[in-house]
Every structure is written in C-alpha cells, then in structure tokens.
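Engineer: Output the structure for:
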Amino acid sequence: MMRKNENALKLEPIPKSIMSIAWILVFGAIMPILDSTMVNIAINHLSKDFSTGLDLIQWVITGYVLAMAISVPLVGWAVQRFNGKWLMIGANVLFLVASIASGLSWSINSMIIFRIVQGFSTGFIMTLVTTLAIEVAGRERMGRVMSTVGIPIILGPILGPVIGAVIVQFLSWRYIFFVNVPIGILAISLIILKLPNFTPANIKAKFDFIGIILLGASSATLIYGITKAAKNATFNNSTTIGYVVVGVTILAIYMIYAAIKKEEAILPLHLFKSKNFSAVMVGMFFAGIATNGPMLLLPLFFQNIKGFSVLIVGLILIPQGIGMLVARPLVGKLTDKLGARNVVLVSLALAVVGTIPFVFFDEASSLIVVSVVLFVRGMGIGGFTIPMMTDAYTGMVKQEIAQVSIGTRLMQSIGSAFGSATLATVVSLSIHGNEPTLPLMTTAYHDGFKLALVLNLVLFIPALFLTNKKSKK
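Structural biologist: Purely as a prediction, here's the structure:
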C-alpha cells in the first residue's frame with residue numbers, strides 16, 4: 001500500500017516542449033514587471049524634471065495600476081475568441097511602443113497618458129501569461145509550470161530597484177523606459193518564432209460589454225479609493241469612503257447581473273461553488289495585502305531608520321528575493337504532488353517567522369541577522385501565492401481557465417493596492433501630528449509590520465480549504 005501511494009505521488013517529468021513555452025511566456029512578462037518596480041525609484045526625479053508636485057506625479061503609478069485592473073476582464077473575453085499567441089504579440093508591441101513614448105515624454109500629462117497605455121498592456125500580458133501557461137500545463141503539471149511563469153514576479157522586486165537606482169544615478173530616468181527596447185524586441189521575436197498557436201476556447205464567446213465595464217469599473221474605483229487613503233494618511237476621509245462605497249455598489253450590481261447572465265457572464269458566479277476557488281479568491285486578497293504591504297515598508301524602513309541610500313537598500317533586499325527563488329521550484333513540485341493546502345500552510349509559517357523580527361528591529365539591528373530573516377521571509381512569501389493561484393484552476397474545464405484568471409488577477413490587484421495603502425496609512429497615522437523623531441518613526445514601522453503579521457495569520461483560515469491531494473489517497 002505504501003509503495004502504491006508513493007507511485008501515485010511520483011511526478012512525471014514535464015516535456016521540454018511545455019517548458020520551452022513556459023520560458024517564452026516568462027520572457028514576454030519581464031518588461032512590465034521590471035518596468036513597474038524601476039519607475040517607483042524615479043518618482044522624485046520625475047517630480048523635479050517636470051516641476052510638479054507628488055499629487056500629480058503619483059498618477060504615473062496610479063494610472064498604470066488602474067489601467068491594468070481595467071484591462072483584465074477584457075483579456076478574459078479576448079483569449080476565448082482569438083489566438084493567444086497573437087494577443088501576446090500585440091500586447092508586447094503595445095507595451096514596447098508605450099515604453100518608448102514614456103521615455104520621450106515632454107510633459108507630466110504626456111507621461112501619465114503613456115503610462116496608462118503601459119498599464120493596459122501589462123494587464124493583458126500578465127493575465128495571458130497565466131492563462132496560456134495553465135492551458136499547456138495540464139492538471140498534473142500546473143504547480144511546476146506556474147512556479148516557472150511566476151519567476152518575473154520574483155525578479156521584479158529583486159532586480160528592478162537595483163537596476164532602476166543605477167540607471168537614475170548614472171544616466172537618466174528616461175533610460176528606465178528605453179531599456180525595454182532590446183528586451184522587447186527579443187521577447188517579441190521569440191514569441192513570433194517559437195510560441196505555438198493557441199486554439200480559442202470559445203470562438204463564439206459573446207463580448208460581455210456590461211460585465212467587462214462593471215468589473216473593470218469596480219476594481220478601478222476600489223483601487224483608486226484605497227490609494228487615496230494612503231495619501232490622506234487616514235481611511236476616514238470622504239474621498240476614500242466615497243470611492244469604496246461606489247466600488248462595492250458596482251460590484252454588487254455585477255453580481256446581480258452575473259446571476260442573470262449565468263455562464264455568459266465574463267466571471268460566472270458558478271465558479272464560486274468550488275470550495276477551493278472561493279478559498280483562493282479570499283486568500284489572494286489577503287496575500288496581496290500581506291506581501292505587497294511589507295514590500296512597500298521594507299525599503300522605507302531601511303532608508304528612514306537605517307539611513308541607507310536607494311541603491312544600498314536594493315542590495316539589502318536581495319536575500320529576500322533569493323529566498324523566493326530557492327522556494328519556487330520546490331513549491332511547484334510539492335503543489336503538484338500534495339495539493340496546495342499543506343504547501344501554503346508551511347509557507348505561511350515561514351512568512352510569519354520572517355515577519356516577527358521586523359516588529360523589533362531598529363537602527364542598531366545587525367545586517368547579518370536582517371539578511372537571514374529576509375531570506376526566511378522570502379521563502380515564505382514565495383511559497384503561498386503560486387500554490388493558491390494554481391489551486392484556483394483545479395477541477396476547471398478549458399472554457400473556464402480565462403474566467404478563473406480574471407478572478408485571481410483582479411483579487412490580487414485589489415489586495416496589493418489595499419496592502420500598500422493600509423500599511424502606509426498605519427505608519428503615517430503613528431507619526432501624524434508629531435515630530436518625526438527616529439524612535440517615533442521606528443515605532444510607526446513596527447506598527448505596520450504588526451498589522452502585516454496579523455494578516456499573515458488570517459491567511460491560515462482560507463488556506464485550510466485548499467486542495468489536499470494526499471488526503472484523497
């Protein structure tokens with residue numbers, strides 16, 4: 001019986017043809033991932049060059065994020081109707097053109113417009129990468145293939161700030177966009193020459209205009225309202241409350257609409273009958289908060305408390321990225337063998353262990369200890385997003401793959417925006433009205449990490465409802 005179970009859990013190697021497709025998709029996603037993290041580094045330089053305040057400059061990032069959220073539902077329809085290969089080519093070409101235009105921007109308004117186009121194409125690229133990867137992977141290889149296509153998401157936070165800091169320091173912020181030219185040309189060439197054609201899942205799929213508008217408007221409104229909370233240093237402001245209420249109202253209208261349209265809706269409600277899909281949707285929201293929030297706080301902590309430059313901070317954060325890279329292949333294999341539940345639970349435990357010390361770190365903390373903790377934290381956060389996202393597709397048929405991608409991508413985007421805004425607001429509130437002394441700022445960052453820790457613990461609840469293949473043997 002033991003040998004029978006061992007054989008059942010033994011994984012067949014992934015064919016080289018499938019892995020080559022996965023790597024081509026990875027290359028197609030490198031431009032937007034690196035670009036988004038590099039632009040954050042250049043915000044102060046953009047403000048100076050365009051002689052404008054942060055209230056307008058922030059739209060360089062906010063516009064990008066909102067456009068990305070709006071495009072996601074549209075991808076779900078397009079990938080059902082059209083060849084995924086040519087959608088991927090079109091999205092990469094659009095991103096490349098928008099990158100060149102951003103680098104040539106002559107005013108802050110032109111920059112914001114070109115960044116919105118970039119964000120729109122990024123939403124297409126990232127959703128297509130997930131959808132096409134799942135389609136070629138098959139049920140028994142989803143975890144390992146997803147761990148491969150998730151590599152750009154890891155490389156972005158590792159390499160983006162370092163590359164961006166070097167470019168800004170020694171060249172000009174414009175080269176943050178121009179660096180996409182060789183990468184984009186190579187990626188588009190590989191996709192044209194090597195990526196196979198993808199047969200549309202439902203060539204007769206109707207364009208759900210109302211559903212796409214409602215989902216896009218709801219997610220964009222929620223994200224915008226949440227980002228306003230961070231700017232105003234409080235959730236108790238009319239702008240945030242108003243936009244969140246409108247966003248939730250639009251979402252409620254979509255749910256009524258989807259209940260009427262049933263399978264014809266862009267994100268059908270019947271998907272939520274799957275216990276693991278519902279758990280993933282809740283989990284992806286909290287995962288976005290628990291990972292993206294600290295990603296914002298960590299660089300600020302090292303700059304404001306430890307007094308390091310942007311370039312040094314980028315180097316200090318490398319152990320966290322290495323931890324994510326180390327965990328990723330093992331996580332993929334274990335997800336295919338055991339299901340997502342146990343993998344996510346263990347990863348969450350590591351993330352908690354890697355977050356607790358930041359509640360106590362201060363300006364005197366050893367960088368060696370900090371590096372070890374960041375490595376452990378990296379292994380933890382690198383181990384729960386991909387298994388959860390993979391588990392969302394468990395039991396789904398081909399026609400539902402794109403619909404699942406819409407749900408998970410939107411929930412992750414909203415959670416990420418909520419995480420950044422929530423933790424930034426907590427830190428701002430701790431300092432608000434007082435002189436920002438070093439002890440006070442240290443306490444403020446500790447408060448932010450405490451909230452991140454609580455949210456990591458909350459994630460254990462949806463994780464318990466994920467798939468456990470071993471229990472079915």
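
Engineer: What is the neighbour count of Ile368?
Structural biologist: Other residues within reach of Ile368 by the criterion other CB atoms under 10 Å amount to 8. For glycine as for every other residue, the C-beta is placed from the backbone atoms N, C-alpha and C.

Engineer: From Leu440, how far out is it?
Structural biologist: Taking CB to CB, to the nearest Å as the measure, Ile368 falls 27 Å from Leu440.

Engineer: Need the pLDDT of the closest residue to Thr442 other than its chain neighbours.
Structural biologist: What sits nearest to Thr442 in space, not counting adjacent residues and going by CB to CB, 6 or more residues apart in numbering, is Asp362, at 5.1 Å. At Asp362 the predicted local confidence, pLDDT, stands at 81.

Engineer: just Ser121 next, same as before
Structural biologist: Turning to Ser121, the model gives it a pLDDT of 90.

Engineer: do the same with Val117
Structural biologist: On the pLDDT scale, Val117 is placed at 91.

Engineer: Go ahead and confirm it touches Ala98.
Structural biologist: Yes: A contact is recorded between Val117 and Ala98 when judged using CB atoms under 8 Å, the distance being 4.1 Å.

Engineer: out of these two, which sits in the busier spot?
Structural biologist: Higher neighbour count among Val117 and Ala98: Ala98, with 23 against 19, using other CB under 10 Å.

Engineer: Break this structure into its domains for me.
Structural biologist: Taking automatic domain parsing as the domain assignment, the record places the domains of the chain at 17-199, 209-265, 271-473.

Engineer: Among the ones you listed, show the one with the smallest mean pLDDT.
Structural biologist: Among those, domain 209-265 has the lowest mean pLDDT, at a mean of 76.

Engineer: measure Val244 to Ala421 for me?
Structural biologist: Counting by CB to CB - Val244 and Ala421 are separated by 11 Å.

Engineer: same question, Ile212
Structural biologist: According to CB to CB, Ile212 stands 25 Å off from Ala421.

Engineer: do the same with Ala252
Structural biologist: 22 Å.

Engineer: now swap in Ile191 and tell me
Structural biologist: To Ala421, Ile191 is 35 Å away according to CB to CB.

Engineer: neighbour-wise, which of those two wins?
Structural biologist: Ranked by neighbour count (other CB under 10 Å), Ile191 and Ala421 place Ala421 first, with 25 against 20.

Engineer: Report the secondary structure state of that one.
Structural biologist: Recorded secondary structure, Ala421: helix (DSSP: H, G, I helix; E, B strand; the rest coil).

Engineer: Helix or strand: which one has Gly63?
Structural biologist: Taking DSSP states H and E as the definition, Gly63 sits inside helix 59-81.

Engineer: tell me which residues in stretch 186-200 are buried?
Structural biologist: Neighbour-count burial for stretch 186-200, counted by 16 or more other CB atoms under 10 Å, picks out Ala187, Ile188, Leu190, Ile191, Leu195, Phe198, Pro200.

Engineer: Could you check which helix or strand contains the third one?
Structural biologist: Secondary structure assigned from DSSP H and E places Leu190 in helix 180-194.

Engineer: helices or strands next to that helix in the packing?
Structural biologist: Here helix 180-194 is seen to pack against helix 16-41, helix 84-103 when contacts are counted using 3 or more CB pairs under 8 Å, 6 or more residues apart in numbering; DSSP states H and E.

Engineer: need the ones you listed in TSV with distance to Ser309, can you?
Structural biologist: Output for those, formatted as TSV (distance: least, CB to CB, whole Å):
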stretch	distance to Ser309
helix 16-41	11
helix 84-103	24
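
Engineer: Understood, closing this out.
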